[in-house]
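J.: take a look and give me a structure for this.
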Amino acid sequence: MRTYNTPSLWQKDKDHFFHPYTNFQKFAKEGSVIFTEGDRHFIKDSDGRSYLDGIAGLWCVNIGHGQKAIADCMAEHALKLAYYNTFEDASSAPAAELSAKLAEIAPGSLNHVFFGTGGSIANDTAIKIVHYYFNQLGRPNKKKVLSRELAYHGSTYLAHALTGISSTHMSFDLPLDMVHYLSAPYPYRRPEGMSEEAFCDFLIQELEDTILQLGPENVACFIAEPILGAGGVIVPPAGYHKRSWEVCRKYEVLYISDEVVTAFGRIGHMISSESVFEIQPDILVLAKGLSSGYVPLGATVISDQIYEVVSQPKPDNPYFTHGFTYSGHALSCAVGLKNIEILEQDRFCEHVQEWGPYFEQSLQKLEHLPIVGEVRGSHYMLSIEMVSDRATKLAFPDEVAIAKRVYYHCKDRGLIIRPIGSLNVLSPPLTYDKAAIDETVQVLEQSIRATMDDLLREGLWKA
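T.: Numbering: from 1, shown residues only. Here you go, the predicted model:
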């Protein structure tokens, strides 16, 4: 077993690695934990301590850590052909095979795949294709994008603007005038006295009213995660997605389904748009579970209708001038294919369908704790929302850092979860079994109770 010089690694990381989403106040004092090994749903740090990985790296490692078949696939293709560009008249066998496989598993006429290196780039590509499509149709005013408050669609320049988490926009000059944000479909925070059915009616009416206010001739597309991920693991009201899709079809607004998180088994299906939510999107966005995080890989899958328009040569310039050095990266596509093969052969979707309800029901038992407002989500995509008063749903002040407190107690007990504001998010590898679920729930209960004790001692909460 390899040993690591943790202090040296910690210092190098602190001095030289510019981390994404860094809290510089905290990082300056504490730096980062250095993780070095993984096996199924366990990870180890540089000191050899083992943890349950309750977040699959970052919603990613669906097939689990340490899959030898993936390592062998990477080695084989690194020796055979790791990379060659795919511009115009060049391709690779893995890119062709993975494109066909994604067309096979995607719903409806989603038969054409544009590859990138992750979800942000895939969403950027989706919007660029939508705008190009309407330009080709001679409708250049159709450019406005509808997104939602608390939506997360990435952090590249355009994808960050699609993201409706307003706190992340601070001090960045983003093209926000292009994007209009609808209310988050957040049943737990719906107006007091409004039923969930009435809340759904309100959301659909808001969508239609916004399209009419902006002018259907100006609205290009609506982008939506089936379940909002980083914004709070928010499951919209029943029927919301299908009704939204129908409104979009009525006004010729293209529907983009961002399944970066929900695809490849996380909620029990390879693709959830049609299977779970009864919609046929015009564009499907994939990443994360597409490669289970083993390599950076994303895909924008477009319909026959869109492809027929954007693939027509322009008289003044026959080229479609969008793409990346690593579009259709041969080794990455080979890993994506192997990953899907493992998901199918090892019946991961069936495993999640079997154990997801048990995970949900077990976690919901924590709702008896006084600071747990709601446990929500679906299958292996779950969240706990903390509140200071359950009756009024009053949130803790930001300075209390309630989710971080629970996170640190969990980490001390050997469980990694994800703290976001007042939320603790769980999205483990799909290898999670009954033992892992039971241990996770037990550690969470202990950690929430320990957090309540801390708050009482510090005078920050009254039981």
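J.: which ones are touching N218?
T.: For N218, the contacting residues are 141-144, by Cβ atoms under 8 Å, 6 or more residues apart in numbering. All C-beta atoms are positioned from the backbone trio N, CA, C, and that covers glycine.
J.: quick one, phi psi at it?
T.: Per-residue torsions, N218: phi -110, psi -10 (degrees, to the nearest 10).
J.: tally of neighbours for the closest residue to S311 other than its chain neighbours?
T.: Leaving aside its chain neighbours, S311 sits nearest to F320 (7.5 Å; criterion: Cβ to Cβ, 6 or more residues apart in numbering). The tally of other residues near F320 (other Cβ atoms under 10 Å) stands at 16.
J.: okay but F320 is in contact with Q312, surely?
T.: No - counting by Cβ atoms under 8 Å, F320 does not reach Q312; the two are 9.9 Å apart.
J.: identify the residues contacting the spatially most central residue of the chain.
T.: Nearest to the mean C-alpha position of the chain, by Cα atoms, centre = their mean, lies V261 at 3.5 Å. Applying Cβ under 8 Å, 6+ apart, we find V261 in contact with 59, 225, 227, 229, 288-289, 381, 427.
J.: wait, a strand at it?
T.: No - per DSSP: H, G, I helix; E, B strand; the rest coil, V261 lies outside any strand segment and is coil.
J.: phi, psi of it?
T.: Backbone torsions for V261, taken as degrees, to the nearest 10, come to phi -100, psi -40.
J.: do you know how far it is from H77?
T.: Here the criterion is Cβ to Cβ, to the nearest Å. By it, V261 lies 26 Å from H77.
J.: list the contacts of the residue nearest to S311.
T.: Residues in contact with F320 (Cβ under 8 Å, 6+ apart) are 132, 310-311.
J.: so which of these belong to helices?
T.: 132, 310 (DSSP state H).
J.: most neighbours among the contacts of F320, which one is it?
T.: V310 (18 neighbours).
J.: surely that residue and V130 touch.
T.: No - using Cβ under 8 Å, V310 is not in contact with V130; the gap is 9.6 Å.
J.: start and end of stretch 50-64, how far apart?
T.: Using Cα to Cα, to the nearest Å, one end of stretch 50-64 lies 15 Å from the other.
J.: which positions in that stretch come out as buried?
T.: Burial within stretch 50-64, assessed by neighbour count using 16 or more other Cβ atoms under 10 Å, is assigned to 51-57, 59-64.
J.: closest one of the residues you listed to S332?
T.: C60 (13.8 Å; Cβ to Cβ).
J.: so how far is K288 from that closest one?
T.: From C60 to K288 the distance is 5 Å (Cβ to Cβ).
J.: try D45
T.: Plainly put, D45 is 23 Å away from K288 if you go by Cβ to Cβ.
J.: which of the two has more residues huddled nearby?
T.: K288 (27 against 16).
J.: and that one, what does it touch?
T.: Contacts of K288 by Cβ under 8 Å, 6+ apart are 58-60, 62, 119, 260-261, 263-264.
J.: that one and H160: what is the separation?
T.: 18 Å.
J.: for Q364, what are its contacts?
T.: Q364 makes contact with V375, according to Cβ under 8 Å, 6+ apart.
J.: what's around H351, how many residues?
T.: 18.
J.: and the residue nearest to S311, which of the three is it?
T.: Under three-state DSSP, F320 comes out as coil.
J.: any idea how far it lies from E308?
T.: Going from F320 to E308 by Cβ to Cβ gives 13 Å.
J.: what's the answer for G421, then?
T.: Applying Cβ to Cβ to G421 and E308 gives a distance of 44 Å.
J.: more neighbours: these two, which one.
T.: Higher neighbour count among G421 and E308: G421, with 18 against 13, using other Cβ under 10 Å.
J.: and the longest helix belonging to the chain, what's buried?
T.: When the chain is scanned for its longest helix (criterion: DSSP H), the result is helix 434-457. Neighbour-count burial for helix 434-457 flags 436-437, 439-441, 443-445, 447-448, 450-452, 454-455 (criterion: 16+ other Cβ under 10 Å).
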